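Peer 1: Quick check, what structure comes out for this input:
(3 chains)
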Amino acid sequence: MSEVEGTPEGPKIGADEWVARSEERTGRRGGPFAPLVARAEQLPWWVLLVAAVGVSALLPFVSSSEYVIRVAVNTVLFALLALGLNVVVGWAGLLDLGFVAFYGFGAYLYALLSSSQFDLHFPALLSVSIVIVSSALLGLLLGLPSRRLVGDYLAIVTLFFAQIYVVLATNADRITFPWNDGPTDISGGPNGITDIDPISILGYEFGSIRSYLWLSLGVFAVVVVALQFINHSRTGRAWRALREDSLAAEMMSMPVNRLKLLAFVFGAATAGLTGTIFASVQLGVFPQNFDLPLLITVYAMVILGGAGSIPGVVIGAITINVSLELLREPSNARFLFYVAIGLGLVTLVRPWRRLAAILVGLVVFGIVAYQLTEWLRPAWVSGTIEGGRFASVLDGWVIHPVNSVHLGNAGFVLLIVALLALTEVRGIWRSILLVPTLYLAAFVWENRLVVEPSVTRILLLGALLVVLMSWRPQGLLGSSRVEIV
Amino acid sequence: MDWDFFVQQLVNGLTLGSVYALIALGYTMVYGILKLLNFAHGEVYMMGAFAGFGVLSLFGGAAGVTINVVLLIGLMLAVAMLGAGLLGVAIERFAYRPLRNAPRIAPLISALGVSFFLQSSALILFGADFRSYETYEYIDLATGIHWGPLNISVVRIAVILTAVAMMLGLTLLVARTRLGKAMRATSFDREAAAMQGIDVDRVIVATFFIGSALAGAAGVMVGLVFYKVYHLMGFLAGLKGFTAAVVGGIGSIPGAMLGGLLIGLSEAFITGYVSSTFQDVFVFSILIALLLVRPSGLLGKADIQKV
Amino acid sequence: MSRILELKGISKAFGGLQVIDGLDLHVDEGEIVSVIGPNGAGKTTLFNLITGVYQPDRGDILLEGESLLGLLPHKITQRGVARTFQTLRLFLNMTVKENVMAAAYGRTRAGVVRSILRTPGMRREEREISALAEEKLAFFGQRLMGYRWDQPAYSLSYANRRRLEIARATATGARLLLLDEPAAGMNPKETHEITELIAQLRTEGGYTILVIEHDMHVVEGISDRVVALDHGIKIAEGTFEAVATDPRVVEAYLGTKAAATK
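Peer 2: Predicted coordinates for the structure are as follows:
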């Protein structure tokens, strides 16, 4: 076990004796969840699936809040997206940045087939089937010219495609076709398509939000089963081989280009399917539902959970979506922030003496800073912090001017500098620098970030991706990979 | 044939082309050395534009410029280039350097993260409103060349000339100076260059600085010519700058210049003659078509992979 | 005895450098042919040409009489040619057994749909692939058996990784194996084992083998015939004794003066 702070434990290469020590094998996961994961790994995957789906299905009986159930449905949808992206990025190793365009395509197509836009009201099963096939075809169309592209080019081309999709969706309300008089409204433009039919299967109409929860859980279960089966088949092995070393895979009889295309198509189809559920739950689709912030959210879920691991990306989806929901409401966001910081400190700062010293130092620092500011510049502490359990405590501790924008911005820049400096210093200096940095973080959070949740979420997700890649690229549940570059 | 309109699009294209060329240079230089697509490059350009705006506000704002206009623009460029250059260096150091030996996908994802982080930072720091350089307030746009169908304001002339000058400077730097030689060697074979005693880290930092500085300059230029500056401007400009770099041949400096020019001209003519809402779609199609037909670009060399 | 592999007048240039020039080579069924030559002689390029990584500028490559030109590498492998790599290219994060099972892709047919539905045909195929992998791994004695099957490939020792790569190549169903420096980096004991292994591949496995090697002990121990290349042309061909003492070969390896003293 590594004792150097912050050094990730890598797998031991080439040491046969390692192999004989099988208990250490589960230890290689590392991270804060190691004992739990080790126990969970012993269970067959379908047990975990049944447990997860079963527990989630009971949610409507635990909470009658429509909001909570809606969040749950969104989480399941995100989990589906993460699973689809996992196939493309985690298994085949293709950096597809246009993934959400397929999601949007699926949603829009379903909307066109089952709404009053063109007055088509296809039965749900038919619409969904059409969407799945069309999404797959679209994936094929995009994938064909892309398959010979190396990772970087593929990323840009797909990113461009995602952008194009939004442009098209926003502007396809005024296309003039030669066979129609006047412009045709295909996509509803910026106002999207509303008044979408709810899904009804075999006569049962999914109307309430709880029925949609069960529907999406059902779809989720089917998709997970399908993915597990594929993973243990020749296609799954070929995808993973392709990610490992595509040249060697090609030389070992695997048709790499075709496999890449297949992964692409599969991801597209999954995204399209998820889009249909989204459209029918929302009862409306708009271009801004499928923009780049969504893309980065799904990527963060996949990377955080561990690209390549089915349970990993699901956990990633749950963690991030729940966190993002909490961020919406300042009092919840506040709670989340401090809990996260607390957790981070507890897991990363060892031994406990150092942790205690830092916490005490932080509290003292804050008190001193606040008192000093109150004495020298009382205007700077005249604002109030409200909302949530900690608010009253924080009100007397964090500097909070009424007009916090400029000061907050300055603090923001200073915070970034401090964080970067933290990565450069070591030892005792790091602990010392940590105290003002943490205070600064609280300051920036209370004054700028907590009140602009939509921006803050992207900020945090971006930072999360950078930090994950440098510190723990395999995410929470992935296993560390050996890469020969 | 409406020559006025044609020439106007031509001028637009040249101006846009200069800007895209400057952005493309940053992409191509970094790719040549690190084989990395610096996604965050577009955001550096955006920050440069904001930095220039900051200088403008510092000296009285558009309506009440307190110093000589030429000096003002010089300062804008200087500050933007310096700031952007430093930002680029910081990005390399914190987001890419730890991943030098990681598989290709890792720095790409990190770059994606940086890109979004910078965009949202800009949103937090500067807000969602557009800022405008309002160049017409302190420069009389009527001055310039007006000769027959050719109507080009002094601002555009200055922008094009400055861009050309910068590109010339870069070409000279790469061809004649020791640093340039080191850059060429490192982009050819990083390990061999290190073994020859070249400080590869320093070369990389210099490359990022220069490429980002050029992008920062491009940001100011766009502000001067097109006025609007906003936190999302880096994304699309970055994509097109990348397209330009690929069209010209990624890794090739003259290629980036040529590519920038071509993309700028294409965009101007497509916007003018075909459609302005869907111009992105057309540029995208150009990219796809080129990648299918000639993936190494116009001036690039095909990559030989040793097995 | 039929001709498994035939190269006729193969030439390949990269940029201005002529890497292979007018090369004729053949391998008969059941033969073990070694290709030797100093570094840069074009040996690995030869393998790359045969397996379809590059296309020759001129000439033809025939596998059992049929041309391989223009075929994608995975198709060539499916036709019956498999190789190992000079710089080991295993699927490191996959298990030992999965590495071998993956290579059986070209011989199997269950598609995505059948995999999702777990049709009886697909399940039978999976069992066959699994048995095949175990069989191929068993060839190497106990080294890659039992608990080793589920270990990630990166945990293997160097020599075992070389063996795994050979096992993987055999799982493709190929009849012609191209081994690129199989003994590279091995100590004398391991080298001796590899020599025996290659011989066993021929006698027990029925493979036809084309080997690139630098270690003359191995070459001497296994070869029916040796081909010496230098700067892309064949400078000698024959038994090991004949080639090893051929002055042109000595010159290529050791320089003109050494050749003069022979």
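
Peer 1: Of all the residues in the stretch 101-250 of chain A, which one is nearest chain C?
Peer 2: Per C-beta to the nearest C-beta, the residue of the stretch 101-250 of chain A with the smallest distance to chain C is A:Ser233, at 3.5 Å. Using the backbone N, CA and C atoms, a C-beta is placed for each residue, glycine as well.

Peer 1: Please apply the same query to the stretch 151-300 of chain A.
Peer 2: In the stretch 151-300 of chain A, the residue that lies nearest chain C is A:Ser253 (2.8 Å; C-beta to the nearest C-beta).

Peer 1: can I assume A:His400 sits in a helix?
Peer 2: No. Under DSSP: H, G, I helix; E, B strand; the rest coil, A:His400 falls outside any helix and is assigned coil.

Peer 1: Now do the contacts for the residue of the stretch 151-300 of chain A closest to chain C.
Peer 2: Listed by C-beta atoms under 8 Å, 6 or more residues apart in numbering or on different chains, the contact set of A:Ser253 reads C:74, C:77-78, C:82, C:103-107, C:172-173.

Peer 1: Among those, name the ones in strands.
Peer 2: Counted as lying in strands by DSSP state E, out of these, are C:Ala82.

Peer 1: Ranking by neighbours, what's the top pick from the contacts of A:Ser253?
Peer 2: The residue in the contacts of A:Ser253 with the most neighbours, by other C-beta atoms under 10 Å in any protein chain shown, is C:Ala103 (34 neighbours).

Peer 1: What's the separation between that residue and chain B?
Peer 2: Here C:Ala103 is placed at a distance of 18 Å from chain B (C-beta to the nearest C-beta, to the nearest Å).

Peer 1: List the buried residues of the helix ranked longest in chain A.
Peer 2: What stands out as the longest helix in chain A, according to DSSP state H, is helix A:256-282. Residues of helix A:256-282 classed as buried: A:256-257, A:259-282 (neighbour count, 16 or more other C-beta atoms under 10 Å in any protein chain shown).

Peer 1: what does stretch A:202-215 give?
Peer 2: A:206, A:209-210, A:212-215.

Peer 1: Ok, stretch A:305-325 next?
Peer 2: So stretch A:305-325, judged by 16+ other C-beta under 10 Å, has buried residues A:305-321, A:323-325.

Peer 1: low pLDDT regions in the chain?
Peer 2: Since no chain was named, I'll use chain A. Residue ranges of chain A with pLDDT under 70: A:1-38, A:40-41, A:146-151, A:174-184, A:387-389, A:484-485.

Peer 1: hm, I was asking about chain C
Peer 2: C:1, C:255-262.

Peer 1: Identify the residue nearest the geometric centre of it.
Peer 2: Closest to where the C-alpha atoms of chain C average out (C-alpha atoms, centre = their mean) is C:Leu178, at 1.8 Å.

Peer 1: What about A:Val133, how many residues nearby?
Peer 2: Neighbourhood size, A:Val133 [other C-beta under 10 Å]: 12.

Peer 1: Excluding sequence neighbours, find me the nearest residue to it.
Peer 2: Excluding the flanking residues, the one nearest A:Val133 by C-beta to C-beta, 6 or more residues apart in numbering or on different chains is A:Ala269, at 7.9 Å.

Peer 1: Tell me the spacing between the one you found and chain B.
Peer 2: Taking C-beta to the nearest C-beta as the measure, A:Ala269 falls 22 Å from chain B.

Peer 1: and if you look at A:Leu97?
Peer 2: For A:Leu97 relative to chain B (C-beta to the nearest C-beta), the value is 7 Å.

Peer 1: what's the answer for C:Phe140, then?
Peer 2: From C:Phe140 across to chain B, the span is 25 Å (C-beta to the nearest C-beta).

Peer 1: Would you verify that that residue is located in a helix?
Peer 2: No. Applying three-state DSSP, one finds C:Phe140 to be coil, outside a helix.

Peer 1: how about the nearest residue to it, chain neighbours excluded?
Peer 2: C:Arg163 (4.9 Å).

Peer 1: which residues does B:Gly26 contact?
Peer 2: So B:Gly26 contacts B:38, B:41, B:44, B:88, B:210-212, B:214-215, B:241 (C-beta under 8 Å, 6+ apart).

Peer 1: same deal with B:Leu224?
Peer 2: Counting by C-beta under 8 Å, 6+ apart, B:Leu224 makes contact with B:52, B:73, B:133, B:135, B:155, B:158-159.

Peer 1: A:Ala249: what's it in contact with?
Peer 2: Counted by C-beta under 8 Å, 6+ apart, A:Ala249 has contacts A:238, A:241-242, A:256, A:259, C:91, C:102.

Peer 1: Return the member of those residues nearest to C:Val53.
Peer 2: A:Val256 (12.1 Å; C-beta to C-beta).

Peer 1: is it true that the closest one touches C:Thr77?
Peer 2: No. Contact criterion C-beta atoms under 8 Å: A:Val256 and C:Thr77 do not qualify, at 11.5 Å.

Peer 1: Any residues of chain C in contact with chain B? List them.
Peer 2: Residues of chain C lying close to chain B by C-beta under 8 Å from any C-beta of the partner chain are C:14, C:44, C:48, C:53, C:85.

Peer 1: And those residues, which two are furthest apart?
Peer 2: The two members of the residues of chain C next to chain B with the most space between them (C-beta to C-beta) are C:Phe14 and C:Phe85, at 19.0 Å.

Peer 1: Look at these two and report which has more neighbours.
Peer 2: C:Phe85 (21 against 12).

Peer 1: Does that one belong to a helix, a strand or coil?
Peer 2: Quick answer, by three-state DSSP: C:Phe85 is coil.

Peer 1: Pop out the phi and psi values for it.
Peer 2: Per-residue torsions, C:Phe85: phi -110, psi 150 (degrees, to the nearest 10).

Peer 1: what's the answer for B:Ile67, then?
Peer 2: Torsion angles, degrees, to the nearest 10, at B:Ile67: phi -120, psi 170.

Peer 1: For the closest residue to it other than its chain neighbours, which residues are in contact?
Peer 2: Sequence neighbours aside, B:Phe59 is the residue nearest to B:Ile67 in space, at 5.3 Å (criterion: C-beta to C-beta, 6+ apart). B:Phe59 sits next to B:65-67, B:72, B:75 when contact means C-beta under 8 Å, 6+ apart.

Peer 1: Which of the three states applies to the nearest residue to A:Gly306 once chain neighbours are set aside?
Peer 2: Nearest non-adjacent residue to A:Gly306, counting by C-beta to C-beta, 6+ apart: A:Gly478, 2.7 Å away. Three-state call for A:Gly478 (three-state DSSP): coil.

Peer 1: Check A:Val133 too.
Peer 2: Under three-state DSSP, A:Val133 falls in the helix class.

Peer 1: So it versus chain B, what's the distance?
Peer 2: Distance from A:Val133 to chain B, by C-beta to the nearest C-beta: 23 Å.

Peer 1: where exactly do the helices run in the stretch 101-250 of chain B?
Peer 2: Assigned helices in the stretch 101-250 of chain B, in chain order: B:105-126, B:135-138, B:154-176, B:178-188, B:190-195, B:200-226, B:233-248 (criterion: DSSP state H, counting those that start in this stretch).
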